[in-house]
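>>> predicted model and sequence below, questions to follow.
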Amino acid sequence: MKILVIHGPNLNLLGTREPDVYGSITMQEINEALEQKAALQNIELEAYQSNAEHDIVTKLQQSMGNIDYIIINPGALTHTSIAIRDTLLGIDVPFYEVHISNIFAREEFRHKSFLSAHVKGVILGFGLKSYDLAIESFNK
């Protein structure tokens, strides 16, 4: 099984960006923990981060036929990107939407996701555990 993890805009700043919201863990630490967890389950994992919507769309399109599942934390693009939504629907790869924080306990504009209605599941508010839960869910 092969899983693609997509990290959206500003997730490269984890560890220093709003630690009261996102904690002190870095994106690199998240990726390393996910790779270790995936290896224990014989899962091949590829992590990708971009601050550019078009790069994420391209990466998703390139994954068609090469990836079994996607875990995506689209960051702020959750609330704005119809392009990412359309791409995920177009490539027909099952995916989970994850968020480190509870987006519903934050600003009102974060309460709307263009992806949530089309996912296998939404996991949010558990920090790094949000990603772990997504990986565990694919094996059930």
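Everything's here; your move. Numbering: from 1, shown residues only.

>>> list the contacts of residue 97.
Counting by CB atoms under 8 Å, 6 or more residues apart in numbering, residue 97 makes contact with 72, 73, 74, 78, 113, 115, 116, 119, 121, 122, 123, 124. In short, each C-beta sits where N, CA and C put it, glycine included.

>>> in helices, which of the residues you listed appear?
Using DSSP state H, the subset of the contacts of residue 97 located in helices is empty.

>>> can you name the next helix or strand after the lowest-mean-pLDDT helix or strand in the chain?
Using mean pLDDT, DSSP states H and E, helix 19-22 stands out as the lowest-scoring helix or strand of the chain, at a mean of 67. Downstream of helix 19-22, the next assigned helix or strand under DSSP states H and E is helix 27-40.

>>> relative to helix 27-40, how tilted is the next helix or strand after that next one?
Once helix 27-40 ends, the next helix or strand along the chain (criterion: DSSP H and E) is strand 44-49. Strand 44-49 runs at 170 degrees relative to helix 27-40, counting by axes from the mean of the first three to the mean of the last three CA atoms, to 10 degrees.

>>> show residues contacting strand 44-49.
So strand 44-49 is contacted by 1-8, 11-12, 27, 31, 34-35, 38-39, 56, 59, 67 (CB under 8 Å, 6+ apart).

>>> same thing but 6 Å
With contacts defined as CB atoms under 6 Å, 6 or more residues apart in numbering, strand 44-49 is touched by 2-7, 11-12, 31, 34-35, 38, 59.

>>> how close does residue 30 sit to residue 5?
According to CB to CB, to the nearest Å, residue 30 and residue 5 sit 8 Å apart.

>>> what's the closest of the contacts of residue 97 to residue 103?
residue 124 (5.9 Å; CB to CB).

>>> mind listing what's buried in stretch 87-103?
87, 88, 91, 93, 95, 96, 97, 98, 99, 100, 101, 103 (16 or more other CB atoms under 10 Å).

>>> pretty sure residue 98 contacts residue 123?
Yes. In this structure, residue 98 is within contact of residue 123 by CB atoms under 6 Å, at 4.9 Å.

>>> got the contacts of strand 44-49 as CSV, with neighbour count columns?
Listed next are the contacts of strand 44-49 as CSV, based on neighbours: other CB atoms under 10 Å:
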residue, neighbour count
2, 13
3, 23
4, 22
5, 24
6, 25
7, 24
11, 21
12, 17
31, 18
34, 21
35, 16
38, 20
59, 18
